[in-house]
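[1] Sequence first, predicted model second:
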Amino acid sequence: MKKNPRTTKLGYNERHAKSGIAAPLPEIETFPNQYKGYDITIEIPEYTAICPKTGLPDFGTITIHYMPDKACLELKSLKMYIHAYRNVGIFYENSVNRILRDIAQACRPVWAKVTGTFAARGGLRSVIETRYP
């Protein structure tokens, strides 16, 4: 029997891999930026989501570092957006990349970096980082 290259020994498959990427989440609002040439760092220590394979909760800190162009992220809507992940089955890697994508679409920053620092599980701790552009 030929092994499917999209399935691992642990039973992960394409459905698991794509889980959460297109889940509906609250809109991230913005407000007009009044200055140029400065950085903003936002640390969100209460990130949680669900592992799409095991159904167990994942916990971590999301750090957003960006240089605004014409718009800044509005923090209350960002908080509601991040807290909505608690009901989403999504892998670490996908959530960090999706957060960056959604931030870039919302405010079109000069540049942005999103880092997810996730709590240890099974003796392993993951740090995922992605950048725009």
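    Okay, I see it. Numbers count the residues shown, from 1 in each chain.

[2] from here on, contacts and neighbour counts on C-alpha atoms
    Fine.

[3] Tell me which helix or strand the residue nearest the centre of the chain sits in.
    The residue lying closest to the centre of the chain (C-alpha atoms, centre = their mean) is Val96, at 2.9 Å. Val96 is located in helix 92-107, with elements delineated by DSSP states H and E.

[4] Other residues contacting that helix?
    Helix 92-107 is contacted from outside by 20-21, 28-30, 62, 68-73, 112-116, 118, 128-132, using C-alpha atoms under 8 Å, 6 or more residues apart in numbering.

[5] Whichever of the residues you listed end up buried, select them in PyMOL.
    In PyMOL syntax, the buried subset of the contacts of helix 92-107 is picked out as below (16 or more other C-alpha atoms under 10 Å):
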select buried, resi 20+21+28+29+30+62+68+69+70+71+72+73+112+113+114+115+116+118+128+129+130+131+132
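
[6] now, which of the contacts of helix 92-107 lie within strands?
    Among the contacts of helix 92-107, the ones falling in strands (DSSP state E) are 30, 62, 71-73, 112-116, 118, 128-132.

[7] For Glu29, which residues are in contact?
    Residues in contact with Glu29 (C-alpha under 8 Å, 6+ apart) are 73-74, 77-78, 106.

[8] Name only those of those residues that count as buried.
    Buried members of these, counted by 16+ other C-alpha under 10 Å: 73, 78, 106.
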